[in-house]
Structure formats: structure tokens, C-alpha cells
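Chemist: The following block contains a protein sequence and its predicted model.
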Amino acid sequence: MQRYRVIFMGTSEFAVPILERLASSSFNIVGVFCQPDRPKGRGLKYQHCAMKNIASQYNFPLFQPENLKNKVIVGKIQDLKPELIIVAAYGLIIPQIILEIPQFGCLNVHPSLLPRYRGSSPIQSAIIEGEKETGVTIMLLDEKVDHGPILAQKKIKIEKDDDIFSLSERLAKYGADLLLKILPSYFRGEIKPVPQDHTQATLTKMIKKEDGQIDWSEDAAKIARKIRACLGWPGSFTFWGEKRIIILEAEAKNADRYREKNGEVFEIDAELCIQCGEGILKIKKLRLEGKKQVTGVEFLRGYSAIIGAVLH
């Protein structure tokens, strides 16, 4: 196959398997774009974008602009003469002037079955909403968010215990497979992009740190799904007085009301349980801020005074 000149744009871990598959194929990767390194963690230390290591490993030219509106950046992309731009979890808006540069346009690998779950948090939102299936979509980018016509889709099942990491990893793998499968036909003009049914579109929001605070008035099943969806960032947390507790793993139980107040802590067979709006949550793993991760049973041995407290 002809060695098409391709620019790849991606920032998060979701994009890594896709770039790796392209790198091991016959494509000529002429540039990799990711967002600038950002400070993360308690020490606010600068951490490399996930793409940086891959670009270095394969000696791909790396670009980390703050945005793509700068004329200098547009000029650099024009100088690279890409025939195709591939985007996956990049996180920056691509202006029309760049969309018009490649002969074959800009393709996006999006981790949902568009038009549902457009936007910045499709994987987390699908878990939180209790969806039974999701998927990946290969679409042609236009000037609106996740709005362009669709080239291909693949459905996958969401397993009962899927969290953001396990589901994202599977979606990235399937996305890479699907992309590499359709590209030869796309270059030959054998795939006709199909417009989305915009009346069925749903939009997800950017998840912020405050979204991780648990609302104990919600039902236990939804709280458990949020805990799985928010692992890593922003994490799921609650407060015992002034102390922050990060919940890492929990199991929802349909049960009669054990306690009057939502968020009240109690014990069943030495297990740490919390009353929710509907049902109860058994805490399997947690971490008191500044302490190491422990099981709910281990936590109760050291902090039995939490029994009867109301978390907020």
C-alpha cells in the first residue's frame, strides 16, 4: 500500500494503542501532536503526555502547541504535507483551516456509538448511566464537536465490573483494529461517510474535580458505577468530618433501609457499609487521604469510631 503521509493528534492513554498500531503499519507518520505537559498530582509536578514516549520511541516529530489557531502552527502542519490527519482523544478544537489541509480529511476515533455520548467524557458517562453496550466510531471531522459523518462503528459489551481503565483499554484496541481495517477502503474511495442522526445526539460534559464528591442521596448502584467511572481522575471521595476518604472499590446492595440518614456508616459482618438514597454500599477498598490503601474491613479495625458517623 502507498505510504500515505499521516499526522496523528492525541493526548490521553486512549490514543496510545492507536498510534502504536499506525506506527507498526506502512503509514508514514510525519508528525505527532499532543497537548503540552501539565502539572499533576499533589506535588503538581509536570508529567509527560502519554504520546511523548511513543513519539520518542519511533523518532516521530513531536509538537505540543497550546492551541491550533496560531498561524505558525497552521504553517507547520501545511509544511508537513499530510494526506490524512487522525485524531483520538486529543482535547483541542481543530479549526476549519486545518481540517481542509489533508487530501483525505481528518478522521476521529471516538469511544462511543455516535451520535450518542458526544463530547469529552463518553466512556465515563456510559458507565455512570449503566449502559449495557458502547462502542467506537470512526468519523470524518467537521467544525462541530463529534458532529461529522460516520465511516464505521463497532459495538462492544460493557461488563458488570468494567471501570474507566478496563473499558478504555478495550475501546482503544477495538478502535485501532477498526481504523486499520477500513483505511485501505477509505483511501480507495469505497466508503461513503454517512451523516449522523443529530436528533439522537447526546453530549457529555468535561468531568471536574468536584464531580468526584459522592452524593449519598443517590441510589447505591449509581454511586458504585460512578466510583468505577471516576477511578484515577477525579476519584470518588467523601468527607468524615474534615477528613477526606477516597473510595476505590465498592459493591451496591439492594436492601431495606438500615439507617435513617443518607451517608450514615454502619457495619454488617465486619464490613464497612454506608446508607444511600436507595440501597446500601459495601466498601471494599478505600484510602484515607495521606494514608495507604486498605480494605473496608481493615479500615474498620483501625477507625471503629466512624460507625454512626454521617459522611458528606
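Modeler: Thanks, I have it. Numbering: from 1, shown residues only.
Chemist: contacting residues around residue 248?
Modeler: By CB atoms under 8 Å, 6 or more residues apart in numbering, the residues touching residue 248 are 227, 231, 236, 284, 285, 286, 287, 293. Placement of C-beta: from N, CA and C, glycine included.
Chemist: Which residue comes closest to the fourth one once chain neighbours are left out?
Modeler: Read it as residue 284. Excluding the flanking residues, the one nearest residue 284 by CB to CB, 6 or more residues apart in numbering is residue 249, at 4.0 Å.
Chemist: neighbours around the one you found, how many?
Modeler: 19 (other CB atoms under 10 Å).
Chemist: what do you get for residue 102?
Modeler: Residue 102: 21 neighbours (other CB under 10 Å).
Chemist: got it, and the one 5 residues further on?
Modeler: Using other CB under 10 Å, the number of residues around residue 107 comes to 25.
Chemist: same question, residue 30
Modeler: 18.
Chemist: quick one: strands adjacent to the helix or strand encompassing it?
Modeler: Per DSSP states H and E: residue 30 is located in strand 28-33. Its sheet considered, strand 28-33 pairs with strand 5-10 (parallel), strand 62-63 (parallel) by DSSP bridges.
Chemist: Now tell me what touches the longest one from outside.
Modeler: Same thing as strand 5-10. 15-16, 18-19, 22, 27-34, 50-51, 60, 77, 80-90, 92, 94, 102.
Chemist: which residues in the stretch 1-150 of the chain form strands?
Modeler: Using DSSP state E, counting those that start in this stretch, the strands of the stretch 1-150 of the chain run over 5-10, 28-33, 38-40, 45-47, 62-63, 84-88, 106-110, 118-119, 133-140, 150-157.
Chemist: Now do the same contact list for residue 224.
Modeler: With CB under 8 Å, 6+ apart, residue 224 has these contacts: 250, 251, 252, 281.
Chemist: remind me which residues of the stretch 1-150 of the chain are low pLDDT?
Modeler: 1, 40-46 (pLDDT under 70).
Chemist: Can you list the buried residues in the biggest helix by length in the chain?
Modeler: Ranked by residue count and defined by DSSP state H, the top helix of the chain is helix 164-187. Neighbour counts over helix 164-187 (16 or more other CB atoms under 10 Å) mark 164, 167-168, 170-172, 174-176, 178-179, 182-183, 186-187 as buried.
Chemist: same deal with stretch 113-127?
Modeler: Result for stretch 113-127 [16+ other CB under 10 Å]: buried residues 113-119, 121-127.
Chemist: same question, stretch 135-153
Modeler: 135-142, 146-148, 150-153.
Chemist: Repeat that for stretch 280-295.
Modeler: In stretch 280-295, residues buried by neighbour count (16+ other CB under 10 Å) are 280, 281, 282, 283, 284, 285, 286, 287, 288, 294, 295.
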